[in-house]
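Asks: show me how the following folds:
(one chain, ligands or ions: 2)
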Amino acid sequence: MTTPVRVALLGAGTVGAAVARRLVERADLYAARVGSPLELVGVAVRDTSRVRDGVDPALLVQDAEALVDQADVVVEVMGGLDRARELIERGIRNGAQVVTANKQLLAHHGPALEALAAEAGVGLDYEAAVMAAIPVVAVVRDSLAGDVVTSISGIVNGSTNFVLDLVARKGVPFEEAVRLAGELGFLEADPTEDLEGLDAAAKIVLLARAAWGAPLTLADVQRRGITGLTDEDFRTASANGKVIKLVASAWTSGAQDAPRVELAVRPVALPQDDPLAQAREGSNVLIVEAESAGTLRLHGAGAGGDETASAVLGDLVRAARRVTRA
Ligand SMILES: NC(=O)C1=CN([C@@H]2O[C@H](COP(=O)(O)OP(=O)(O)OC[C@H]3O[C@@H](n4cnc5c(N)ncnc54)[C@H](OP(=O)(O)O)[C@@H]3O)[C@@H](O)[C@H]2O)C=CC1
Ligand SMILES: N[C@@H](CC=O)C(=O)O
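Replies: Ligands and ions are numbered 1, 2, ... in the order given. Take a look at the predicted model:
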């Protein structure tokens, strides 16, 4: 076997702990797929004294800089903006490949980070940042690179879908449904990002950038979350045979050679048989319309530790292959 690929994991919460566990359980599988073993050299957290199920306590460190400096691949699943950005930039400047699930960081600083990565000749992969387990970034950016995407719409936030679904179908009180979404690891560290539509806004920005290459920011999104919904809204929707979903949309308008991209996140009352209304609990659905491909529909788990780890680990395997082939 060749030299191990050294992996630094930043974060051991819902997603990071799942990634760490799978790296142990599937060590042989990943070694075969990469052509070299993946060596988890450490896991940066804030509190090294806390036991994390399935994560070797000896790997937990607070000195994230020292950890990043040892890595061939940096996997950032800690969330937040400034600290995550510093550490990712450090990794890139060191020549490490970077994998991140951090959609807010990418929505705010993605173009600058991608430019830095391109300059350093390393990859910056982020499939897990948009719709967790569902491979949508690769589909929109790469698989459809020979087509013309005309619109994207979907349920792109798992926790709000879980809340809306439980309220509508099971009569669970709104606050109780939010609490349950937190217990399942669906909510962001700051749940208002989910409930006010900021998480969905970041995801639609990333998808629209991937589809149209346009310099879009969070400020371009017309955004409304679900906290303003009332019992009356749910009763009216139900009486009319509808279901309320938080829908994220991106579409083009204006001249074909210089299209303007419009972005929105808002609660919409959909007919029960609408494809977006089919998303249950923490699942997500994305509908992509493209000139030649027609209508594509992607459906699956939009949040959760193991589900998100699936996408992170896919990016990690790809990043590690780049290391071994360099
Ligand atoms: N949960 C999900 O379903 C999904 C999450 N994501 C994204 O993945 C990322 C992680 O999410 P999730 O696992 O849910 O978050 P958690 O809050 O569960 O975990 C965050 C982890 O990062 C560590 N951490 C946070 N800040 C620092 C810091 N300044 N220095 C060192 N360690 C730090 C925490 O340490 P400690 O444990 O000691 O507090 C914790 O281990 C976020 O960007 C999120 O948006 C993406 C898709 C789905
Ligand atoms: N908080 C997010 C987690 C996955 O991205 C969500 O609810 O979708």
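
Asks: OK, contacts around L87?
Replies: 10, 44, 64-65, 68, 74, 76, 78 (C-beta atoms under 8 Å, 6 or more residues apart in numbering). Where you see a C-beta, it was placed from the backbone N, CA and C, and this is true even at glycine.

Asks: which one of those residues is nearest to ligand 1?
Replies: Ranked by distance to ligand 1 (C-beta to the nearest ligand atom), the contacts of L87 are led by M78 at 3.4 Å.

Asks: so what's the residue count around the closest residue to that closest one other than its chain neighbours?
Replies: Nearest non-adjacent residue to M78, counting by C-beta to C-beta, 6 or more residues apart in numbering: G11, 3.4 Å away. When neighbours are counted by other C-beta atoms under 10 Å, G11 registers 24.

Asks: please shift the residue numbers so they start at 46 in all later answers.
Replies: Right, with 46 as the first residue, what we last looked at is G56.

Asks: nearest to N139 among the contacts of L132?
Replies: Nearest to N139 among the contacts of L132, counting by C-beta to C-beta, is V113 at 6.9 Å.

Asks: coming back round to it: what pLDDT is listed against the residue nearest to M123?
Replies: Looking at G56, its pLDDT is 98.

Asks: likewise for Q301?
Replies: Reported pLDDT for Q301: 69.

Asks: CA atoms of the longest helix seen in the chain as CSV?
Replies: Under DSSP state H, the helix in the chain containing the largest number of residues is helix 350-370. Output in CSV follows, covering the C-alpha atoms of helix 350-370 (Å, rounded to 0.1, in the frame of the first residue of the first chain):
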residue,chain,number,x,y,z
GLY,A,350,-25.5,13.2,10.0
ASP,A,351,-25.0,10.0,8.2
GLU,A,352,-26.8,11.3,5.1
THR,A,353,-24.7,14.4,4.9
ALA,A,354,-21.6,12.4,5.6
SER,A,355,-22.3,10.4,2.4
ALA,A,356,-21.8,13.5,0.3
VAL,A,357,-18.8,14.7,2.4
LEU,A,358,-17.1,11.3,2.0
GLY,A,359,-17.8,11.2,-1.7
ASP,A,360,-16.0,14.6,-2.0
LEU,A,361,-13.2,13.3,0.3
VAL,A,362,-12.6,10.2,-1.9
ARG,A,363,-12.4,12.4,-5.0
ALA,A,364,-10.1,14.9,-3.2
ALA,A,365,-7.8,12.0,-2.0
ARG,A,366,-7.6,10.6,-5.5
ARG,A,367,-6.2,14.0,-6.6
VAL,A,368,-3.6,13.8,-3.9
THR,A,369,-2.5,10.3,-4.9
ARG,A,370,-2.4,11.1,-8.6
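
Asks: and A295, that's in a strand?
Replies: Yes. Assessed by DSSP: H, G, I helix; E, B strand; the rest coil, A295 belongs to a strand.

Asks: could you check the distance from the residue nearest to M123 over to ligand 2?
Replies: 14 Å (C-beta to the nearest ligand atom, to the nearest Å).

Asks: hmm, back to that, which secondary structure elements does the longest helix of the chain sit against?
Replies: Applying 3 or more C-beta pairs under 8 Å, 6 or more residues apart in numbering; DSSP states H and E, we find helix 350-370 packed against strand 50-55, helix 59-70, helix 72-79, strand 118-121, strand 142-145, strand 169-170.

Asks: great, nothing more from me.
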